[in-house]
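Novice: would you be able to build a 3D model of this:
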Amino acid sequence: MYQPPQFKSDDRALAARLMREHPFASLISNDDAGLPFVTHLPLHLEDREGQFFLLGHCAKANPHWKFLRERPAAVVTFLGPHAYQSPRIYPDLARVPSWNYLAVHCVVAASLVEDPPAKDRLLKQLIGDHEPPYAEQWRGLGEEFAHKMLAGIVGFELKVTELQCKFKLNQHRPESHTALKAGYEQGNDDERELARWMEALGMAKKP
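Specialist: Below is the predicted model:
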């Protein structure tokens, strides 16, 4: 993605935080016609001694797993909070509106997870991210039901080979930070989250 230096971040911990807080990602690779094919799905992030892996699955009816098998290189994007930026945050009038957002893009190398026990472990990791108590219910549904459900999906492990992290929060215009943060703190969920990220990035510090 386009990366102006004032918005680029090399902080892997912040990238991991964004991916974990906003795990619903877009998996993008080429189909057999050479066109981009996109699947929207939740992914589980693992950090294995400094190497990021993303774990997920799709329905067997979704051809995306076949594209990954034939062409393992793919891109995964995560979009965090985003919101409008009014020109009213500036002390002068010669300004225009903009849009602030946080995003992480990963270049990945995919490998399929087709063994039922391995798929079951993968599902339990995703369940652990979103509803840990459901794991007990899943175990109680019975082996026959579990095998049927597992047969209907294909899992995959995505090794992150390149990481791009962009935090666009008007960092290069410090005269706007106080008003921008104050406005976001009174706004919707995304805006309030952006205000918290401004704090995490050391912006709009109180004198």
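Novice: for the rest of this, base every contact and every neighbour count on C-alpha atoms.
Specialist: Will do.
Novice: just checking, which helix or strand of this protein averages the lowest pLDDT?
Specialist: Comparing helices and strands within the chain by mean pLDDT, DSSP states H and E singles out helix 134-140 as the least confident, with a mean of 83.
Novice: buried ones in that one, by neighbour count?
Specialist: When neighbours are counted by 16 or more other Cα atoms under 10 Å, the buried residues of helix 134-140 are found to be residue 138.
Novice: which other residues reach the helix or strand following it?
Specialist: Counting by DSSP states H and E, the next helix or strand C-terminal to helix 134-140 is helix 143-151. Where contact means Cα atoms under 8 Å, 6 or more residues apart in numbering, the residues beyond helix 143-151 that reach it are 60, 116, 119, 120, 138.
Novice: and whatever helix or strand comes next after helix 143-151, what does it pack onto?
Specialist: Elements were assigned by DSSP H and E; along the chain past helix 143-151, the next helix or strand is strand 153-168. If contacts are counted by 3 or more Cα pairs under 8 Å, 6 or more residues apart in numbering; DSSP states H and E, strand 153-168 sits against strand 8-9, strand 51-59, strand 98-113, helix 116-130.
Novice: ok and strand 153-168 relative to helix 116-130, angle-wise?
Specialist: 40 degrees (axes from the mean of the first three to the mean of the last three Cα atoms, to 10 degrees).
Novice: CA atoms only for strand 153-168, dumped as PDB, please.
Specialist: Extracted in PDB, the C-alpha atoms of strand 153-168 (Å, rounded to 0.1, in the frame of the first residue of the first chain):
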ATOM      1  CA  ILE A 153     -14.000 -26.700   5.700                       C
ATOM      2  CA  VAL A 154     -10.400 -26.300   4.700                       C
ATOM      3  CA  GLY A 155      -7.900 -24.700   7.100                       C
ATOM      4  CA  PHE A 156      -4.800 -22.800   6.200                       C
ATOM      5  CA  GLU A 157      -1.700 -21.400   7.900                       C
ATOM      6  CA  LEU A 158      -0.400 -18.200   6.500                       C
ATOM      7  CA  LYS A 159       3.200 -17.400   7.200                       C
ATOM      8  CA  VAL A 160       3.800 -13.600   7.200                       C
ATOM      9  CA  THR A 161       6.800 -12.900   4.900                       C
ATOM     10  CA  GLU A 162       6.300  -9.100   4.800                       C
ATOM     11  CA  LEU A 163       4.500  -6.700   7.100                       C
ATOM     12  CA  GLN A 164       3.300  -3.200   6.300                       C
ATOM     13  CA  CYS A 165       1.600  -1.100   9.000                       C
ATOM     14  CA  LYS A 166       0.000   2.300   8.400                       C
ATOM     15  CA  PHE A 167      -1.300   4.600  11.100                       C
ATOM     16  CA  LYS A 168      -2.800   7.700   9.400                       C
END
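Novice: which SS state does residue 181 fall under?
Specialist: With DSSP: H, G, I helix; E, B strand; the rest coil as the basis, residue 181 sits in helix.
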